[in-house]
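**Q** sharing a model that was predicted from the sequence below.
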Amino acid sequence: MSARDRILNRIRQASTPDDVAWQGGGATPAIAMTDGADRMDRFIAQATAADATVSRIDNMAALPAALADELRGRNLPAAIRHGADPAFTALDWGTVETSQGVGRIDEPATLSRAHYAMAETGTLVLASGPDNPVTLTFLGETHFVVLKASDIKAGFEGVFAAVRQDGLAPRTLNMVTGPSRSADIGQVLQLGAHGPIALHIFVVDA
């Protein structure tokens, strides 16, 4: 082992936190090496810690009923606005009134689909476009997001690898962790300062 290697090893041992593993000369979060179930648990814990709420549904067909329950439990109208995503337009919404298009100011509730999520931080990754207009993410008072369990990645590295692999090229990728918040006013945390006051995530198992 060269003197350079010995020095680098000492630095790594002194500065590596418990949840980071060194691989191939670089730091890789340990979460990257966990399986899907562990990533799910980590994502839910981190998203909840960021003041989001999370529920799990078996499949997309279960979404309308689950959404109706959430709207009712939050004393919101039985109505939702979403984009042209085929995953939504193909559903039977039953008693939930739907409208399609961009987000509108003071919309009570909006619905988007996240392309990916990061277990490490509980962050959703949403791609802009007609299927999921970016305004739905920021203009609704309560933002509902659908996420496939299989799209939960470990962290940034996994997300951007998936973006490249899937050939995703939106104008913007929006990374959302919890509802909107700010502590700029009197150094007191305020939810809903610049966007939704509440964020609820439906994780679809299949």
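**A** That came through fine.

**Q** where does this protein dip in pLDDT?
**A** For the chain, the stretches flagged by pLDDT under 70 are 1, 6-8, 10-35, 180-195.

**Q** show me which strand runs longest in it.
**A** strand 140-148 (DSSP state E).

**Q** now the element after it, going C-ward?
**A** Using DSSP states H and E, the next helix or strand after strand 140-148 towards the C-terminus is strand 152-153.

**Q** show me the helices in the chain, by range?
**A** 3-15, 36-49, 63-73, 86-89, 134-139, 156-166 (DSSP state H).

**Q** and residue 142, what are its bridge partners?
**A** Bridge pairing for residue 142 (DSSP bridges) gives the partners residue 109, residue 198.

**Q** for it, the count of nearby residues, please.
**A** Number of residues near residue 142 (other C-beta atoms under 10 Å) recorded here: 21. The way it works is simple: take the backbone N, C-alpha and C, and place the C-beta from them, glycine included.

**Q** could you pull up the residues touching the residue most central in space within the chain?
**A** Against the mean C-alpha coordinate of the chain, by C-alpha atoms, centre = their mean, the closest residue is residue 124 at 1.8 Å. Contacts for residue 124 (C-beta atoms under 8 Å, 6 or more residues apart in numbering) come out as 47, 114, 116-117, 145, 147, 175-177, 201.

**Q** hmm, 10 Å instead?
**A** Taking C-beta atoms under 10 Å, 6 or more residues apart in numbering as the contact definition, residue 124 lies against 43, 47, 52, 112-118, 137, 143, 145, 147, 151-152, 174-178, 199, 201.

**Q** same thing with residue 144?
**A** Residues near residue 144 by C-beta under 10 Å, 6+ apart: 53, 63, 66-67, 70-71, 80, 82, 109-113, 136, 196, 198-202.

**Q** over to residue 159?
**A** Residue 159 sits next to 115-118, 120, 123, 125, 151-153, 173, 175 when contact means C-beta under 10 Å, 6+ apart.

**Q** if you rank the residues you listed by neighbours, which is first?
**A** When neighbours are counted by other C-beta under 10 Å, residue 117 leads these with 31 neighbours.

**Q** ok, it touching residue 202?
**A** No - the pair residue 117 / residue 202 is not scored as a contact, 11.9 Å apart, by C-beta atoms under 10 Å.

**Q** what's the nearest residue to residue 71 if we skip its chain neighbours?
**A** With C-beta to C-beta, 6 or more residues apart in numbering as the criterion, residue 71 has its nearest non-adjacent residue at 5.6 Å, and that residue is residue 78.

**Q** so what's the one you found up against?
**A** Going by C-beta under 10 Å, 6+ apart, residue 78 touches 67-68, 71-72, 93-98, 109.

**Q** rerun that using 6 Å as the cut-off
**A** Counting by C-beta atoms under 6 Å, 6 or more residues apart in numbering, residue 78 touches 71, 95-96.

**Q** and residue 115, by the same measure?
**A** 125, 127.

**Q** the same query, at a cut-off of 10 Å, please.
**A** Applying C-beta under 10 Å, 6+ apart to residue 115 gives the contacts 124-127, 132, 147-148, 151, 159, 162-163, 166, 168, 170, 173.
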